[in-house]
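Colleague: have a look at this prediction, sequence included:
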Amino acid sequence: MTTAELTRHLIKSQNAELTEYHIYNRLAERVKNKHNKSVLQQIAEDEKRHSEFWEQYTSVKGSPNKIRIWWYCLLTRIFGLTFGIRLLEQGENNAQKNYDVILQDLPEAQKIMNEEDVHEQQLVELLKEKQLNYIGSIVLGLNDALVELTGALAGLTFALQNTHLIAIAGLITGIAASLSMAASEYLSNRADGNNDKAIASAIYTGIAYISTVALLVIPYFIFSHFLMCFFMTLSIAIFIIFVFNYYISVAKGFSFKKRFFEMAVISLGVAALSFGIGVLVRQTIGVDIG
């Protein structure tokens, strides 16, 4: 490797470490848990020291990526600390490739690589976030809402073919189902002896359900043609499945592709079946809404 190529790789690592220093620092400012705050601050200082280590060889001041700092802080604010840190951890895994190239000409970089491995172990211990304890409840509410309401809206769409009536019927059905699902989750946890989690689990289930219901019904309040509404609802359902499974795959380390296709096939399969039922009901019963 030429000197210019090595310098380019060193500057890339230097800027990446400086960027991560600012990210960890900002995350530490937001965290209330003293242990988590201390770990984040320590990692931030290590990242700063790593950047200064590379500076010895580049002889230039590091330039942090302000957009990347803003983006990770925004994601953490929206999706939680665990999600943001997991994404950062993935970024550090990608940085290892750059280190491998540097090691060929700069064996001293091995110490930095070893410290990055320690960072990963600390981060795994750090990833304790309250809402992740209720992922099961969120999955229950979100998945049931996707399957049940997508199916119900499909049936109502082709049975009634009136967007206003479909929206009202779907909203009433969804709200009633969300309350029922939250109550069932509460009673289920009480029956299992999880009294401390019962109320929180019910709330997470209910919120996940009603939020999904609201998003799926919105097209029927906006568009006038029932087919347009239905296809928009299907698109929103797929988008919800995509976002949720991406979140789970990052925060919990699950397989994204398998879970995404599983939920999508179930939801769309029920919608297709309900579509057939709606057509059959309209033809046999002769529903006619003036």
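Modeller: Structure's in. What do you need?
Colleague: tell me who's in contact with the nearest residue in space to Ala28 that is not next to it in sequence.
Modeller: Distance criterion CB to CB, 6 or more residues apart in numbering; nearest residue to Ala28, sequence neighbours excluded, is Leu40 at 3.8 Å. All C-beta atoms are positioned from the backbone trio N, CA, C, and that covers glycine. Leu40 is in contact with 24-25, 27-28, 31, 126, counting by CB atoms under 8 Å, 6 or more residues apart in numbering.
Colleague: can you tell me the helix or strand for Leu40?
Modeller: helix 34-58 (DSSP states H and E).
Colleague: now whichever helix or strand comes after that helix: buried residues?
Modeller: Note on helix 34-58: by DSSP H and E, the next helix or strand toward the C-terminus is helix 66-79. Within helix 66-79, the residues that qualify as buried are 68-69, 72-73, 76, 79, counting by 16 or more other CB atoms under 10 Å.
Colleague: how about those residues in TSV, adding pLDDT and distance to Arg259?
Modeller: Output for the buried residues of helix 66-79, formatted as TSV (pLDDT from 0 to 100; distance: CB to CB, whole Å):
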residue	pLDDT	distance to Arg259
Arg68	90	27
Ile69	91	30
Tyr72	88	24
Cys73	87	27
Thr76	84	23
Phe79	76	17
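Colleague: nearest to Asn245, of those?
Modeller: Phe79 (13.0 Å; CB to CB).
Colleague: need the nearest residue in space to the closest one, chain neighbours excluded.
Modeller: Closest residue to Phe79 apart from its sequence neighbours, by CB to CB, 6+ apart: Tyr247 at 6.0 Å.
Colleague: for Gln90, see how far away the residue nearest in space to the middle of the chain is.
Modeller: The centre of the chain sits closest to Tyr247, judged by CA atoms, centre = their mean, with a distance of 2.1 Å. For Tyr247, the distance to Gln90 (CB to CB, to the nearest Å) stands at 14 Å.
Colleague: what does Gln41 give?
Modeller: 22 Å.
Colleague: of those two, who's got more company?
Modeller: Gln41 (16 against 11; other CB atoms under 10 Å).
Colleague: okay, the more buried one: pLDDT?
Modeller: On pLDDT, Gln41 comes in at 86.
Colleague: about what we covered before: other SSEs contacting the helix or strand hosting the residue nearest to the centre of the chain?
Modeller: Element membership for Tyr247, per DSSP H and E: helix 226-251. Judged by 3 or more CB pairs under 8 Å, 6 or more residues apart in numbering; DSSP states H and E, helix 226-251 is in contact with helix 81-103, helix 135-160, helix 163-191, helix 195-222, helix 256-285.
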